[in-house]
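[1] The sequence and its predicted three-dimensional model are supplied below.
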Amino acid sequence: MLRIHFTGDDLARVRMAAKPDVLWETILSFHRLRERRRAVMFGEWRSETRSRLNGETSLLAAVVPPRGYFPDFLTPSEAGGGLESGLAAIRGTEPARLHSELTLASASRASARAGGRAPGAGPGPVARAGAAAERAQAPPAAVPAPAPAVAALAEGRPAPMSRLLTTIRSYYRAAVEPYWPQIQARVEADRAVRGRALLDGGAAELLCSLPPVFRWRQPVLEADYPVDRELRLDGRGLLLQPSFFCRDTPVVLRDSALPPVLVYPVDHPPDPVFGETATALAPSLGRLVGHTRSAVLQAIQYGCTTSELARRAGVSLASASQHAAVLREAGLVLTLRHGNAVLHTLTPLGAALLRGGAPAEAPTAG
């Protein structure tokens, strides 16, 4: 169980991330790449990504164990400014911190291989379900020697660090950058739901609106988690970071002295996460004609319920629902449930249509 303790000041300082975090998505996607579950959801993405990688992940695999703890320094807050800002922050990690966190990751890997309780992982099936999530426990007394590549990196030498950054950048280009518009659309749809909750009832309503894995019992936010963890915000507030590649359980940083961030999974349908191709959508797109449907698409631009859509577009509630359904079938709109209502937002294709075909830009990889 994860328990996050809020004060009144913390509630006033809860905030939503403005966009997907490029390094959280990169590292969490690496977990999705290596797992065998969710073949329907991620299978096509895995195949496409592996074909672009050409096996260039050995160093990243050495640093990020498939289960349990992975180093906090890989997901610095500076990544909010883009990939290169995040990589620069990783390069600037103090040697003592590198050594400490990489040693802990090596211990987690060794314990998982031995079938024991890894530092930062729960026992049995719970540990497997929260593989990327738990980052809380101390290393065991006997810490095994890390792999040579990790040991060289832990010494803080420039050359191994440069190799790691090159590996992360290459992996991002293969696994994340080609799908950034879809990642951004899912995160923006989640932000629309959370923003509506915040407007309706403040920070408490926002916390209540989080995915079912969470339970808001003021002043504590609880979540299913591989091990017991108490996180006290102590007036620092909390950054809520929705993530496309985070699944099942949330993720928090192990080091409680770092700025608090809660990474949580966005909603996904059971279908392939990157949807249909433009060719498959062509029959539905052929139905998208006329001024009324154009007005409906414009009205959905910043997110709205069906009732709000009807009012903005000047149509009946039934007509608004029908138009939204056609737009959804055409891949132009996402619809998520918000309490007793539904919230419509644009997909990358819908947004591009409003922009006259200009695609959304992914964070540059240098």
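    All right, it came through fine.

[2] CA only for contacts and neighbour counts going forward, please
    OK.

[3] residues near Arg34, how many?
    The local packing count at Arg34 equals 11, with neighbours defined by other Cα atoms under 10 Å.

[4] ditto for Val333
    Burial of Val333, expressed as a neighbour count using other Cα under 10 Å, amounts to 25.

[5] List the residues that contact Gln322.
    Under the criterion of Cα atoms under 8 Å, 6 or more residues apart in numbering, Gln322 has no neighbours.

[6] go on, Arg312?
    Under the criterion of Cα under 8 Å, 6+ apart, the neighbours of Arg312 are 296, 299.

[7] Swap in 7 Å and give it another go.
    With contacts defined as Cα atoms under 7 Å, 6 or more residues apart in numbering, the neighbours of Arg312 are Ala299.

[8] element containing it, please.
    Taking DSSP states H and E as the definition, one finds Arg312 inside helix 306-313.

[9] quick check: angle from the helix or strand following that helix to helix 306-313?
    Per DSSP H and E, helix 306-313 leads on to helix 317-329 as the next helix or strand towards the C-terminus. Using axes from the mean of the first three to the mean of the last three Cα atoms, to 10 degrees, the interaxial angle of helix 317-329 with respect to helix 306-313 works out to 100 degrees.

[10] Now the helix holding Arg312: buried residues?
    Buried residues in helix 306-313, defined by neighbour count with 16 or more other Cα atoms under 10 Å: 306-310, 312-313.

[11] What number of residues are in the vicinity of the residue nearest to Leu98 when sequence neighbours are not counted?
    Leaving aside its chain neighbours, Leu98 sits nearest to Ala154 (5.2 Å; criterion: Cα to Cα, 6 or more residues apart in numbering). Residue neighbour count, defined by other Cα under 10 Å, stands at 22 for Ala154.

[12] what do you get for the one 4 residues further on?
    Residues near Pro158, counting by other Cα under 10 Å, number 11.

[13] How about Pro250?
    Pro250 sits with 24 neighbouring residues when counted by other Cα under 10 Å.

[14] Make sure it is actually in contact with Phe244.
    No - in this structure Pro250 lies outside contact range of Phe244 using Cα atoms under 7 Å: 11.7 Å.

[15] what is in contact with these two at once?
    Counting by Cα under 7 Å, 6+ apart, the residues touching both Pro250 and Phe244 are Pro265.

[16] for the protein, what helix or strand is lowest in average pLDDT?
    Of all regular secondary-structure elements in the chain, judged by mean pLDDT, DSSP states H and E, the least confident is helix 124-129 with a mean of 34.

[17] Am I right that Arg229 is in contact with Arg3?
    Yes - with contact defined as Cα under 7 Å, Arg229 and Arg3 form a contacting pair (6.2 Å).

[18] The residue nearest to Leu98 contacts His99, correct?
    Yes - here Ala154 reaches His99: they are 4.4 Å apart, a contact under Cα under 7 Å.

[19] For the lengthiest helix in the chain, could you pull out the residues that count as buried?
    Ordering each helix of the chain by length in residues (DSSP state H) puts helix 180-208 first. For helix 180-208, burial by neighbour count (16+ other Cα under 10 Å) applies to 180-198, 203-208.

[20] again, but for stretch 77-84
    For stretch 77-84, the buried set under the neighbour-count rule, 16+ other Cα under 10 Å, comprises 77-80, 82-84.

[21] Reformat those into JSON lines and put secondary structure and pLDDT next to each item.
    Rendered in JSON lines, the data for these read as follows (DSSP: H, G, I helix; E, B strand; the rest coil; pLDDT from 0 to 100):
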{"residue": "Ser77", "secondary structure": "helix", "pLDDT": "95"}
{"residue": "Glu78", "secondary structure": "helix", "pLDDT": "96"}
{"residue": "Ala79", "secondary structure": "helix", "pLDDT": "95"}
{"residue": "Gly80", "secondary structure": "helix", "pLDDT": "91"}
{"residue": "Gly82", "secondary structure": "coil", "pLDDT": "94"}
{"residue": "Leu83", "secondary structure": "helix", "pLDDT": "96"}
{"residue": "Glu84", "secondary structure": "helix", "pLDDT": "96"}
